[in-house]
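K.L.:
quick one, what's the 3D model for this:
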Amino acid sequence: MTTAPRDLLQQMFAAAIAAAQPALCIPPHLPAAPRGRLIVIGAGKASAAMARALEDCWPGPLEGLVVTRYGYAVPCQRIEIIEASHPVPDAAGVAAAQRILATVSKLTADDTVLCLISGGGSSLLVLPLPGITLEDKQAINRELLKSGATISEMNTIRRHLSAIKGGRLAAACHPAKVMTLLISDVPGDNPCDIASGPTVGDASTCADALDIVRRYGIELPANVREVLESGRGESVKPDDPRLEHIETRLIATPQMALEAAAKVALDAGVTPYILGDAIEGEARDVGKVLAGIALQVARRGQPFAAPCVLLSGGETTVTIRGNGRGGRNVEFLLALGIALDGQPGIHALAGDTDGVDGQEEIAGAQLAPNTLQRAWAKGIRPRDSLANNDGHGFFGALGDSIVTGPTLTNVNDFRAMLISSCESSPDRRTDA
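P.N.:
So this is what the prediction gives:
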């Protein structure tokens, strides 16, 4: 391995993001030209870039609109781009959802709706059911984000409080044909969980949503609880006849991104191992577990021999206990660093492929064997930072944050642990 560990990790992260770019993923999945109109709709952090890629390669007429995160718009000629808030929805997202529903109303069987969906769509495509206000949805979103619930659990609740998610958008398109192109940001790539499944049937129920609410002690306003308890929030089921003419395609996934990163490692003479593309759990717990694996490699040459890189994806969660600045990737990385305790020969990178870890324009960070030592030299106690959920503050103070800007895609978290050699353990400190 001749490339410096820090540079190699950054190259792998860049390759993972590049593999999920809409300009690469959209062209192989275009529908046949319809006899009627082609209506383009969509939502997500990558939706504007997906719309631009579609315009660049579609020879015939098309029209429509998509909603994306503030700052993620790209210029389009025929498809209108609307920006709204993520991760907490706002009035612009409500207006966009209303306009999208109006756009697909009164279609015919000769028309085709091409729906461009990517991660972030749950917050961007927001339309509360009758009896629920935007303020209710905002409060619930904040509760969900700090609850520790998985993305699948969060989206189960969202689907049953929405007038557009959980298959309702596809039902509104009937009798037109609907093709949905998905860039997956969820563990397992379940279409129901990507943007809360606006164009796919949903087998979960209001009772399932209530179980999740109870499990995590999520506070719901009385009017919102009534929607779930009465069954008024029931989603559109997979056998609904209005969903007869829908087609769903996954065009970019976390696994594809990890495989692109693995190729970069191989080209650099480092053997890659993909541990999983759907790893979930508390970010700090995942950090401890993956540290144990990395240490076994570094100290024992098991189950893999160094040099190697251990790659993984998925979406961890953070139960917020402090008031620091953080996100799930830097939370993972800080816990990993504490568990590794300066083990020589292990470098790591963790980042969100959309460029935003948590609620800041910071994708993630890098970890080196001397990270803890440099923190102590600055008077920063790593365990205190972790207890305060202050991963961004910790790595920012060391100059180790990764800032990509809007990547215009989203295939979830990227984690890489580069183990360059088998070396003995350093002297340990106990005041991390």
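K.L.:
quick check: buried residues in the worst-scoring helix or strand of the chain on mean pLDDT?
P.N.:
Taking mean pLDDT, DSSP states H and E as the measure, the chain has helix 134-147 as its least confident helix or strand, at a mean of 91. Buried residues in helix 134-147, counted by 16 or more other Cβ atoms under 10 Å: 136, 137, 138, 139, 140, 141, 143, 144, 145, 146, 147. For glycine as for every other residue, the C-beta is placed from the backbone atoms N, C-alpha and C.
K.L.:
just give the closest residue to the third one, not the sequence neighbours.
P.N.:
In space, and not counting its chain neighbours, residue 138 is closest to residue 88: 5.4 Å by Cβ to Cβ, 6 or more residues apart in numbering.
K.L.:
and for residue 295?
P.N.:
residue 343 (6.1 Å).
K.L.:
distance of residue 360 relative to residue 416?
P.N.:
Look at residue 360 and residue 416: by Cβ to Cβ, to the nearest Å, they are 21 Å apart.
K.L.:
of those two, who's got more company?
P.N.:
residue 416 (27 against 15; other Cβ atoms under 10 Å).
K.L.:
one step back: now name the helix or strand holding the residue nearest to residue 295.
P.N.:
Assigned by DSSP states H and E, residue 343 belongs to no helix or strand.
K.L.:
doesn't residue 296 make contact with it?
P.N.:
No. Using Cβ atoms under 8 Å, residue 343 makes no contact with residue 296, being 10.9 Å away.
K.L.:
more neighbours: these two, which one.
P.N.:
For residue 343 versus residue 296, the count of surrounding residues by other Cβ under 10 Å is larger for residue 343: 20 against 14.
K.L.:
for the lengthiest strand in the chain, C-alpha coordinates in CSV please.
P.N.:
For the chain, the strand with the greatest residue count under DSSP state E is strand 271-279. Output of strand 271-279 as CSV, limited to C-alpha atoms (Å, rounded to 0.1, in the frame of the first residue of the first chain):
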residue,chain,number,x,y,z
THR,A,271,-8.0,-6.4,0.4
PRO,A,272,-11.5,-5.2,1.1
TYR,A,273,-14.1,-7.0,3.2
ILE,A,274,-17.7,-5.8,3.2
LEU,A,275,-19.1,-6.6,6.7
GLY,A,276,-22.7,-5.6,5.8
ASP,A,277,-24.7,-3.0,4.0
ALA,A,278,-27.6,-2.8,6.5
ILE,A,279,-26.0,-2.5,10.0
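K.L.:
please report how far residue 348 lies from residue 342.
P.N.:
From residue 348 to residue 342 the distance is 13 Å (Cβ to Cβ).
K.L.:
looking at these two, which one has more neighbours?
P.N.:
The neighbour comparison of residue 348 against residue 342 (other Cβ under 10 Å) goes to residue 348, with 28 against 19.
K.L.:
output the below-cut-off pLDDT ranges for the chain.
P.N.:
The chain contains residues with pLDDT under 70 at 1, 422-432.
K.L.:
buried ones in the longest helix seen in it?
P.N.:
Longest helix of the chain, by residue count under DSSP state H: helix 283-300. For helix 283-300, burial by neighbour count (16+ other Cβ under 10 Å) applies to 283, 284, 286, 287, 290, 291, 293, 294, 295, 297, 298.
K.L.:
who's in contact with that helix?
P.N.:
Helix 283-300 is contacted from outside by 275, 279, 302-306, 308, 310, 312, 316-318, 328-329, 331-340, 343-346, 348, 386, 415, 417, 419, 421-425, using Cβ atoms under 8 Å, 6 or more residues apart in numbering.
K.L.:
from these, list the buried ones, please.
P.N.:
The neighbour count (16+ other Cβ under 10 Å) marks 275, 279, 304, 306, 308, 310, 312, 316-318, 328-329, 331-340, 343, 345-346, 348, 386, 415, 417, 419 as buried among the contacts of helix 283-300.
K.L.:
out of the buried residues of helix 283-300, the closest to residue 47 would be?
P.N.:
Among those, residue 283 lies closest to residue 47 (Cβ to Cβ), at 26.7 Å.
K.L.:
how close does the closest one get to residue 222?
P.N.:
As for residue 283, its distance to residue 222 is 33 Å (criterion: Cβ to Cβ).
K.L.:
do the same with residue 180
P.N.:
Using Cβ to Cβ, residue 180 is found at 35 Å from residue 222.
K.L.:
give me the more crowded residue out of the two.
P.N.:
residue 180 (26 against 7).
K.L.:
next, the more buried one: phi, psi?
P.N.:
Dihedral pair for residue 180: phi -110, psi 130, per degrees, to the nearest 10.
K.L.:
thought it was touching residue 250?
P.N.:
No. Assessed by Cβ under 8 Å, residue 180 is found out of contact with residue 250, at 9.6 Å.
K.L.:
follow-up on the earlier one: among the contacts of helix 283-300, name the ones in helices.
P.N.:
328-329, 331-340, 386.
K.L.:
and those residues, which two are furthest apart?
P.N.:
Across the ones in helices among the contacts of helix 283-300, no pair lies farther apart than 328 and 340, at 18.4 Å, counting by Cβ to Cβ.
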